[in-house]
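1. build me a model:
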Amino acid sequence: MRKLIFILTLIPLFIFSQQTKDVLFVGNSYTFYNDLPEMVKQIALSFGDTLNYESSTPGGASFGMHATNTTTISKINQQVWDYVVLQAQSQEPSLSTNYVNTNVYPAVQSLIDIIENNSTCIDPMFFMTWGRKYGDASNCAPWPPVCTYLGMQQQLRLRYLDFSFTHDASCSPVGMAWKESISQDSTLNLYSPDNSHPSVYGTYLSACTFYASIFKNSPLGTTYIPNGIDTVTASFLQDIASNTVLDSLSIWNIFNADFTYNQIGDSVSFMNLSSNYESVVWDFGDGQVSIDENPLHTYDFPGTYTVTLSVFTNDSCVSETVSSEINLSFSTSIPTINVEKKIIRITDILGRKTLFKKNTLLYYLFDNGEVEKKIVIE
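-> Coordinates of the predicted model:
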């Protein structure tokens, strides 16, 4: 549930610069193959960023196995991580609804509880994996949705996003980056010979996707390219990863601050486009603030104002700000409306009702409340 709390001290404007992230990867051979975490680290280093990581990736491990694995639990509790990446056994999230409800969702809850018991400041990040190249033949008969690659991929997307939104967690959409790469160039083989595990191309695409998800920066232009991948192919994979993640941060429930606005006269309607947040603080640039999610603010004077939105998550352990300058031009004067007025009484200086007289000071009372003093000399 989102919580609206008032923060007295506003966080200064966030400046994208060198970042350091501490990440624990919890998964299996899909993460272990070609050393995915190390590739993410090398991409980060090429941009001046730092990834400190640990891994728990026993072969074939499911969420249920990790929830009772002493090594995994010990590593989760080792420190306050920025992210704990959670990757399921490759088939389990795509299996029948009954199987997932009975076996997978409870295991996910157990892992989330372990993470939160360590610190609510940790952001879980689900690793959306890819469908097998020709679908899941072993489960096709009892569960037809996984008979093809596209069908299996759709099931994985559905379940991983549900894990993420149910637990206010982020999702790294690796599987969707794979889907886009296959759609654009099916000759580039992202799979190893078993048609399940990743080739070096598949792991590199996954690493680029994770860099974009964790650092919210584009991997396009990284100087780190693994052996066996040419620069043209590397740029292609970097671009796929960048577009998949950064064009759709809210779809993947990645924590992010963003807003738009619309001016109506001296008022501005602000729309909060942030994702995976708990609370907000608006600074309208005129000395006024608000904790409403989508406020309407009226400005007293035209001019240029820097509006800053600060968003908070993980019990306010994590925050981000975004600012925008708005130029307001509107009239502050009250327009004059010409309305015909009628004389209702004429009085002399003693207040006595009289008729018009020349060369005499008289007071004219009108129906709009005005009083005029004049003399007509002849």
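
2. count the residues that sit near Ser248.
-> For Ser248, the count of nearby residues is 13 (other C-beta atoms under 10 Å). Where you see a C-beta, it was placed from the backbone N, CA and C, and this is true even at glycine.

3. what sits against the residue lying closest to it once chain neighbours are set aside?
-> Nearest non-adjacent residue to Ser248, counting by C-beta to C-beta, 6 or more residues apart in numbering: Pro173, 7.7 Å away. Residues counted as contacts of Pro173 (C-beta atoms under 8 Å, 6 or more residues apart in numbering) are Met128, Arg157, Thr209, Ser213, Thr244, Val245, Ser248, Ile251, Trp252.

4. specify the local secondary structure of the last one.
-> When you say that, I think you mean Trp252. When the structure is reduced to helix, strand and coil (DSSP: H, G, I helix; E, B strand; the rest coil), Trp252 reads as coil.

5. neighbours of it, how many?
-> 27.

6. and it, what pLDDT?
-> Turning to Trp252, the model gives it a pLDDT of 98.

7. contacts only, for the closest residue to it other than its chain neighbours.
-> Here the nearest residue to Trp252 in space, its sequence neighbours aside, is Cys171; by C-beta to C-beta, 6+ apart that works out to 4.5 Å. With contact set as C-beta under 8 Å, 6+ apart, Cys171 has these partners: Met125, Phe126, Met128, Tyr160, Leu161, Phe163, Ser164, Ser213, Trp252, Asn253, Ile254.

8. hmm, 10 Å instead?
-> Neighbouring residues of Cys171 by C-beta atoms under 10 Å, 6 or more residues apart in numbering: 86, 124-128, 157, 160-165, 213, 245, 251-254, 276.

9. so what sits opposite it in the bridge?
-> Beta-bridge pairing for Cys171 (DSSP bridges): Phe126.

10. then Pro198?
-> On DSSP bridges, the residues paired with Pro198 through beta bridges are Tyr191.

11. pull stretch 354-363 out as CSV, backbone CA atoms only.
-> Extracted in CSV, the C-alpha atoms of stretch 354-363 (Å, rounded to 0.1, in the frame of the first residue of the first chain):
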residue,chain,number,x,y,z
THR,A,354,-33.4,68.0,-5.2
LEU,A,355,-33.6,68.4,-9.0
PHE,A,356,-30.9,69.4,-11.4
LYS,A,357,-29.7,72.9,-10.9
LYS,A,358,-27.0,74.9,-12.8
ASN,A,359,-24.2,76.7,-10.9
THR,A,360,-24.9,74.6,-7.8
LEU,A,361,-22.8,71.8,-6.1
LEU,A,362,-24.8,68.7,-6.2
TYR,A,363,-24.3,65.0,-5.4
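
12. average model confidence for the longest helix seen in the chain?
-> If each helix of the chain is counted by residues according to DSSP state H, the longest one is helix 149-166. The average pLDDT for helix 149-166 rounds to 98.

13. what's the answer for stretch 24-39, then?
-> Per-residue pLDDT values across stretch 24-39 average out to 98.

14. may I have the phi/psi pair for Ser199?
-> Backbone torsions for Ser199, taken as degrees, to the nearest 10, come to phi -80, psi -180.

15. pull the contacting residues for it.
-> So, once contact is read as C-beta under 10 Å, 6+ apart, Ser199 ends up touching Tyr33, Asn34, Leu188, Asn189, Leu190, Tyr191, Ser192, Pro193, Leu205, Gly228, Ile229.

16. pretty sure the last one sits against Val200.
-> What that stands for is Ile229. Yes - because the distance of 6.4 Å satisfies C-beta atoms under 10 Å, Ile229 is recorded as touching Val200.

17. before we move on, the earlier item: and the contacts of Pro173 as CSV, adding distance to His66?
-> Conversion of these to CSV gives the following (distance: C-beta to C-beta, whole Å):
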residue, distance to His66
Met128, 17
Arg157, 21
Thr209, 21
Ser213, 20
Thr244, 26
Val245, 25
Ser248, 28
Ile251, 26
Trp252, 22
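
18. show the buried residues in those residues.
-> Buried members of those, counted by 16 or more other C-beta atoms under 10 Å: Met128, Arg157, Thr209, Ser213, Thr244, Val245, Trp252.

19. helix or strand for the fifth one, which one?
-> Same thing as Thr244. Counting by DSSP states H and E, the element that carries Thr244 is helix 231-246.

20. mean confidence score for that helix?
-> Helix 231-246 comes out with an average pLDDT of 98.

21. when you give positions from now on, start the count at 44
-> Yep, numbering from 44; the last one is helix 274-289 now.

22. packing partners for that helix?
-> Under the contact definition 3 or more C-beta pairs under 10 Å, 6 or more residues apart in numbering; DSSP states H and E, helix 274-289 sits against strand 213-215, helix 217-227, helix 243-258.

23. apply 6 Å and report the result again.
-> The criterion is 3 or more C-beta pairs under 6 Å, 6 or more residues apart in numbering; DSSP states H and E, and the helices and strands that helix 274-289 contacts are helix 217-227, helix 243-258.

24. what does the first one rub up against?
-> Put plainly, it is helix 217-227. The contact list for helix 217-227, computed with C-beta atoms under 6 Å, 6 or more residues apart in numbering, reads Met171, Thr172, Trp173, Gln196, Leu199, Leu233, Leu248, Ser249, Thr252, Ile283, Ala284, Thr287.

25. how's the protein carved up into domains?
-> Recorded structural domains for the chain (assignment: automatic domain parsing) are 63-289, 302-371, 386-417.
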